[in-house]
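Chemist: below is the sequence, then the predicted model.
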Amino acid sequence: MRKARSTQTDEIRALKRMRERAIDTTDIPSTLDWSKAVVGKFYRPIKKPLTIRLDADVLHWLKGQGKGYQTRINAILRAEMER
């Protein structure tokens, strides 16, 4: 994320000082159709680093499927957890 410019920072501070009712939101379109809304779209669980020992052939199989073997390990464990 890029850093806010000083003018943006000043505007944000001014908005924080204002009461809710005083902020003009008439230029924001109202959303009436929520049928395409996705719950949890931006939810990302907290990741914890750990050391794990796997059999060499299992690790070779995971890495052999391409980039992202740790993500695959997580998906396999999550599927088992939810089952």
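Modeler: Ah, there it is.

Chemist: longest helix of this protein?
Modeler: Longest helix of the chain, by residue count under DSSP state H: helix 69-82.

Chemist: name the residues that touch that one?
Modeler: Helix 69-82 is contacted from outside by 52, 59, 62-63, 65, using CB atoms under 8 Å, 6 or more residues apart in numbering. Just so you know, the C-beta spots here come from the backbone N, C-alpha and C atoms, and that holds for glycine as well.

Chemist: just the buried ones from these?
Modeler: By neighbour count, with 16 or more other CB atoms under 10 Å, the contacts of helix 69-82 hold Leu62 as buried.

Chemist: mind putting the contacts of helix 69-82 in JSON lines, distance to Ala75 and pLDDT included?
Modeler: Output for the contacts of helix 69-82, formatted as JSON lines (distance: CB to CB, whole Å; pLDDT from 0 to 100):
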{"residue": "Ile52", "distance to Ala75": "15", "pLDDT": "94"}
{"residue": "Leu59", "distance to Ala75": "16", "pLDDT": "96"}
{"residue": "Leu62", "distance to Ala75": "11", "pLDDT": "95"}
{"residue": "Lys63", "distance to Ala75": "15", "pLDDT": "95"}
{"residue": "Gln65", "distance to Ala75": "11", "pLDDT": "94"}
